[in-house]
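Asks: Model the following, please.
(2 chains)
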Amino acid sequence: MIPVLATLAEAWSEVRVHRARVVLSLVGVFLAVFAMTTVTALGLLVAQVQQEQGERTGGRPATIGVTAYDPQTGMPPDAGEWDAAVADLTERYGITTTASIGYEETRFRLPGGTQAVQTKRVSPSYGQLHRVEPIEGRWLREGDRDSLAPAVVVNEAFLGALGVPDLSGHPTVVIGGDSPVRAAIVGVVREGYGDELLAYRVDRSAGPWDEPAPADPSAMVFGPATLELWVPPEQADEVMAVVTNDLGLALGGVQVDAYRSDSEGLEETLGMLRLAIRGAGIVVLVLGGLGVLNIGLVTVRQRIREIGVRRSFGATSSRVFSAIMLESVCATFLAGLAAVALSVVLVRNLPLEQLLNSGVPLAETPAFPVAAAVEGLVAATAVGALAGLLPAVIAVRAKVIDAIRF
Amino acid sequence: MSNPCLFAQTTLLNLLGLLDTPTGGEYLLDGEPTDALRARRRARLRGEVFGFVFQQFNLLPRRTAEENVAAPLLYARGRDYLRRRRTARELLDRVGLGARADTVPERLSGGEQQRVAIARALVRSPRVVLADEPTGALDVETGAQVMALLAEAAAEGGAALVTITHDLNVAGLADRRYRLDAGRLTPLPDPAPTLPAPAAAPLEEALP
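Replies: The predicted structure is shown next:
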């Protein structure tokens, strides 16, 4: 224990005494670790944003989209039969998260007149599957199916068309049609291009305004309703085959198509991005390490005398070696610590959601990646050890009597 | 010990202090042959048995006097290591530099630096203090003071003092005097240190 303490004390005193040299040599390591940690952390955040954006359109991995239609008429199968078949299927295969998505136009009475707005009729689980993060209010939930006023989630353009600044006044909007109803706007999402109005409503609600209407061929312009199944990626292919087969059999004579709707390649693209960032970080770190090594090599020559004097006190080779090594490691570790701290402060305080995600809150805001911080520290220490190695070897090999001679 | 050839004496001192190894012959320390010792053990013994005082002081630059005196205790064990600062202060008091404990060598005079070096040589209570021209870099008066201090401090610490010198005044302080000439160490008679020695013994035999 004492020798370890003593070696540490010696290394620390060396760092303290040679402050200027140490600081100089550490600038490179500090910058490298700072750059590497920051870039890694930012890279992870960017990747998270990319992933969430991809998931918002295509669903999380792996999302299987299923559509069904009668090949003769092009009409979707009867809703009741379809629901029963789907319930049977999900129960049999233990698929826990499913969402259905139907497309229709809803006639909303807006201040500027009645307007047909493209509306997605979705199950509440759609929000989970597509990582919908309302910028205000909430997303649809199961209870909305039974509420007396239909719940609507709209985009900002819709809110603008309604002439309402925000949800503080609990805005409502009338849905026109055969039996007009006043709907409550419960959430706002940031979606759609330009002035495009968008709305989400829960599907299969029990209200009288949602009496099943006779199948309307015009509804098919938007395509058939889609069922989405969230399954483990490795089972995706299997599930697609099973679903096509089973639903086809259960519904009889209906064409069932299953496909993957999440962006599969995203993982790999992001993997490449991370790899490139990592590579750049390592190059910078190596350059920083060379700086430490350089200054270490130059100064060890001047310190040989001092080392010789220490030898006369009874310093063993291993103590001389570890003192020089530790001095380098101590110093780079501290530089790494400072760099990581600065990086954490910087990354934490950047308005990342504004910069990267057009202000949409992230579903899972990644904390400062601990891995990046640890990696930065480990890298700094390793660079210190590597850069200390050569000077330490030189110091050990120096002949004591030459070192202390005058 | 005195000799016109400087290197020979320094080499002898380095051999005695286990800083160097003889190319021929044998050096017994406490009856144990030292050439068989492993480097680690040599280093330990060097630290435990010997204290060194150099001509050029060889203080560690930019460390205070106290840190300099405490430095050898970094290689000591247990209590000695833990109490190193206090021990260093005590030693500095003994050489009369207690008040300058926090001064770096760059701000000390030559005499003061050598006194710090003496404190440092004695801090591990060595059995032998090896001094290589301890007064060589000092003026005569300071040299005499430092030499007196060294002799006194070594005696007080119970250490044998082996000094190389060309200064006959310094040599005059010694109990026993030897002359090193052409690889042979010869005892000098007490009253006349300058007389050439009659008989010469091979170096190996002369060493303990």
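
Asks: For the rest of this, base every contact and every neighbour count on C-alpha atoms.
Replies: Fine.

Asks: For the closest residue to chain B within the stretch 1-150 of chain A, which three-state class applies?
Replies: Across the stretch 1-150 of chain A, the shortest distance to chain B (CA to the nearest CA) belongs to A:A6, at 5.5 Å. Here A:A6 is recorded as helix under DSSP: H, G, I helix; E, B strand; the rest coil.

Asks: Apart from its neighbours in sequence, what residue is nearest it?
Replies: B:L74 (5.5 Å; CA to CA, 6 or more residues apart in numbering or on different chains).

Asks: which residues touch stretch A:292-300?
Replies: Residues from elsewhere that reach stretch A:292-300 (CA atoms under 8 Å, 6 or more residues apart in numbering or on different chains): A:21, A:25-26, A:28-29, A:384, A:386-388, A:390-391, A:394-395.

Asks: okay, those residues in TSV with pLDDT and secondary structure next?
Replies: Listed next are the contacts of stretch A:292-300 as TSV, based on pLDDT from 0 to 100; DSSP: H, G, I helix; E, B strand; the rest coil:
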residue	pLDDT	secondary structure
A:R21	75	helix
A:S25	75	helix
A:L26	80	helix
A:G28	77	helix
A:V29	80	helix
A:G384	87	helix
A:L386	86	helix
A:A387	85	helix
A:G388	87	helix
A:L390	89	helix
A:P391	88	helix
A:I394	88	helix
A:A395	86	helix
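
Asks: now, among these, which is nearest to B:V140?
Replies: A:A395 (36.3 Å; CA to CA).

Asks: if I pick that closest one, what's in contact with it?
Replies: A:300, A:304, A:307, A:320-321.

Asks: how about the nearest residue to A:V17 once chain neighbours are set aside, what does it touch?
Replies: Spatial nearest neighbour of A:V17, excluding adjacent residues (CA to CA, 6+ apart): B:R62 at 6.5 Å. By CA under 8 Å, 6+ apart, the contact list for B:R62 reads A:17, B:104-106.

Asks: one more time with 10 Å
Replies: B:R62 makes contacts with A:16-18, B:68, B:103-107, as judged by CA atoms under 10 Å, 6 or more residues apart in numbering or on different chains.

Asks: tally of neighbours for the residue of chain B found nearest chain A?
Replies: Residue of chain B nearest chain A, by CA to the nearest CA: B:G47 (3.7 Å). Counted with other CA atoms under 10 Å in any protein chain shown, the neighbours of B:G47 add up to 28.

Asks: Identify all contacting residues around whichever helix or strand it is part of.
Replies: Under the criterion of DSSP states H and E, B:G47 resides in helix B:39-49. Around helix B:39-49, the neighbours that count as contacts under CA under 10 Å, 6+ apart are A:310-319, B:16-19, B:29, B:34-37, B:50, B:52, B:72-73, B:75-76, B:121, B:124-129, B:159.

Asks: how far away is A:M240 from chain B?
Replies: Computed as CA to the nearest CA, to the nearest Å, the A:M240 to chain B distance reads 71 Å.

Asks: check contacts around that residue.
Replies: Contacts for A:M240 were tallied using CA under 10 Å, 6+ apart; they are A:64-66, A:229, A:257-260.

Asks: beta partners of the residue nearest the centre of chain B?
Replies: Note on chain B: the residue nearest the mean C-alpha position is B:L130, at 2.3 Å, using CA atoms, centre = their mean. In this entry, B:L130 is beta-bridged to B:F52, B:V162, by DSSP bridges.
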